[in-house]
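Peer 1: For reference, the sequence and a predicted model appear below.
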Amino acid sequence: MPKTPFLISAALVFFLSQACSSGTLFRTRLEFSSAEIEERLQSKFPVKKKHAFFTVTFSDPKVLLEQGAERMALRCAVDAVLLGSQPYKGELMLDGNITYQKETGEFYLADSTVRHFKLYDVSMKFQKQLEAAAGEIL
C-alpha cells in the first residue's frame, strides 16, 4: 500500500486543524453601516439608569463610525432627574470597541469611554460630579 496518500491526508488534516484553530481560514468579515447599527439600537432605547441621587435616561442614539476604525462612537440625548430638583437635558458621547454577537445579532461596546457628557443649565462643579457618576453607571 503506498504511503503517499496517507502522508497527504495527514498533512491536510494538520493544515486544516492549524488554520481552524488560528481562526484565519474560516474568519468572516461583517460590514455594517452606521444606519444599520442605529436601526438595531432603536429597539434598545431609551435606556434608564438609576443612581442613588438621580435617574438618567439615554435616548435617540446616533452611531458615529470612522472608516476602518476598530472603535465606534455613540452619541445620545440625556434626560437627568436629580433628587428633589427639576429635570435637566443634555448629551453624551462615548466610544468603545465594537463587538458583535453572531448568535443574537447584537452589537456591544466593550471597554467604553465617556468622551463628552454635558447637562445644560448645571453648574460646572455639579457637572463634574454627574460626569463621574455617569461613568460609573455606564
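Peer 2: Noted; the coordinates are in hand. Residues are numbered from 1 along each chain as shown.

Peer 1: how's the protein carved up into domains?
Peer 2: 1-28, 34-137 (automatic domain parsing).

Peer 1: Need the winner for burial among the ones you listed.
Peer 2: When neighbours are counted by mean count of other CB atoms under 10 Å, the highest per-stretch mean among those falls to domain 34-137, a mean of 14. Placement of C-beta: from N, CA and C, glycine included.

Peer 1: quick one: average confidence on it?
Peer 2: Averaging pLDDT along domain 34-137 gives 83.

Peer 1: where do the strands sit along this protein?
Peer 2: In the chain, the segments counted as strands under DSSP state E are 47-50, 54-65, 71-82, 87-101, 106-119.

Peer 1: can you put the ones you listed in CSV and add distance to residue 126?
Peer 2: CSV is the format used below for the strands of the chain (distance: least, CB to CB, whole Å):
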stretch, distance to residue 126
strand 47-50, 18
strand 54-65, 11
strand 71-82, 9
strand 87-101, 10
strand 106-119, 8
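
Peer 1: who wins for proximity to residue 131 among those?
Peer 2: Each of these was scored for nearness to residue 131 using CB to CB, and the closest is strand 106-119 (4.7 Å).

Peer 1: Run me through the strand neighbours of that closest one, direction for each.
Peer 2: Based on DSSP bridges, the pairing partners of strand 106-119 within the sheet are strand 87-101 (antiparallel).

Peer 1: Now do the partner strand and strand 54-65, the angle between them.
Peer 2: Following axes from the mean of the first three to the mean of the last three CA atoms, to 10 degrees, one obtains 50 degrees for the angle between strand 87-101 and strand 54-65.

Peer 1: Enumerate residues external to strand 87-101 that contact any of its residues.
Peer 2: Residues external to strand 87-101 that are found in contact with it (CB atoms under 8 Å, 6 or more residues apart in numbering): 30, 58, 64, 70-82, 106-122, 134, 138.
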